[in-house]
Structure formats: C-alpha cells, structure tokens
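Chemist: Next one to model:
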Amino acid sequence: MNTFAKRLTYALKKRRVNQSELAAGIGVKPQAIQYLCKKGTKSTKTTEICNFLKISADWLTTGEGHFDAYPSSLPSSPNTFSKVAESSKNYSKEAGVELTEEQKEWLQMFEELTPEARASLREGLRVAHKSTK
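Modeler: Numbers count the residues shown, from 1 in each chain. As a prediction, this is how the structure comes out:
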C-alpha cells in the first residue's frame, strides 16, 4: 500500500467502517471520503480520520510505523479505544490498566498539543528511537 488512498481504503475495510460512517463520524460529506479513497494524497482531516478509525497518523500519511494507533500491550476489548479517547485519567481506571504518573503526564500533555505539534513530537521520538537501536 504505497498511497494514502490505498491505506485509507485498507483501514476502512480492516475496521469494518464504510465511507459514509467515516464521513458522518468526522463531520464531512461522504463525497470527501470517496475522493480520499480514490485519489487522496493527504487530508486536512487526517487527525480526525485517524482518531475515528483508531489508526496511526504516521502509518496513514507515510505508510511507516504501526497500523494501530495504540500499543499492542494495551487490552483490545471493544471499548478500550473509546476509553482512551475519552480521557487518559479515566482510561487506567475504567480499562483496568494501571498507568504510571509519568505515563499519565505524557498522555495529558500529548492530548493538549495541536496536530502539528503532535506530528513534530512523533518525528522527534522516531529519530531518538532509531538512534537507540
């Protein structure tokens, strides 16, 4: 899958979500999603798409990294992802996962960043991670 359009189409199939459901979920017309699935190379709604589908923005935009937005070490019950999205503070309590205070602080700071700042942080962490290998 070497294009944004192919990766988005794959993600929709994998998550069993149709184009109309995604459109309604992120507040755009179905035609916008249809276009992205056929010819899209990027979107101003990438963050919303990724949050709705619970996929990694890095994977959708570049094809690199993991498909899933959340680490595989987290439980994968049907409600887990929505619990994460609601609040990192409630997540550990409701999902039965105990986050450290440092993890809670990181999540809180991350949630407060703009999409551009999140992308910049991810890139910096990716570079730092590669240098430790």
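
Chemist: What's the end-to-end length of stretch 107-119?
Modeler: In stretch 107-119, first residue to last residue: 14 Å (CA to CA, to the nearest Å).

Chemist: Least confident secondary structure element in the chain?
Modeler: helix 80-86 (a mean of 46; mean pLDDT, DSSP states H and E).

Chemist: Around the residue nearest to Arg122 when sequence neighbours are not counted, how many other residues sit close by?
Modeler: Excluding its sequence neighbours, the residue lying closest to Arg122 (CB to CB, 6 or more residues apart in numbering) is Asp58, at 6.1 Å. (Glycine included, C-beta is placed from N, CA and C.) Residues near Asp58, counting by other CB atoms under 10 Å, number 18.

Chemist: Assumed Asp58 was part of a helix.
Modeler: Yes. The assignment for Asp58 is a helix, going by DSSP: H, G, I helix; E, B strand; the rest coil.

Chemist: Report pLDDT for Leu121.
Modeler: Confidence at Leu121, expressed as pLDDT, is 85.

Chemist: show me what contacts it?
Modeler: Leu121 is in contact with Phe110, Leu113, counting by CB atoms under 8 Å, 6 or more residues apart in numbering.

Chemist: what's the following helix or strand after the strand or helix carrying Lys104?
Modeler: According to DSSP states H and E, Lys104 maps onto helix 101-112. On the C-terminal side of helix 101-112, the closest following helix or strand by DSSP H and E is helix 115-131.

Chemist: How about Gln19, nearest residue that isn't a chain neighbour?
Modeler: Per CB to CB, 6+ apart, closest to Gln19 is Ile33, 4.3 Å.

Chemist: Distance check, Gln31 against Gln19.
Modeler: 9 Å (CB to CB, to the nearest Å).

Chemist: out of those two, which sits in the busier spot?
Modeler: Neighbour count, other CB under 10 Å: between Gln31 and Gln19, Gln19 has more, with 18 against 10.
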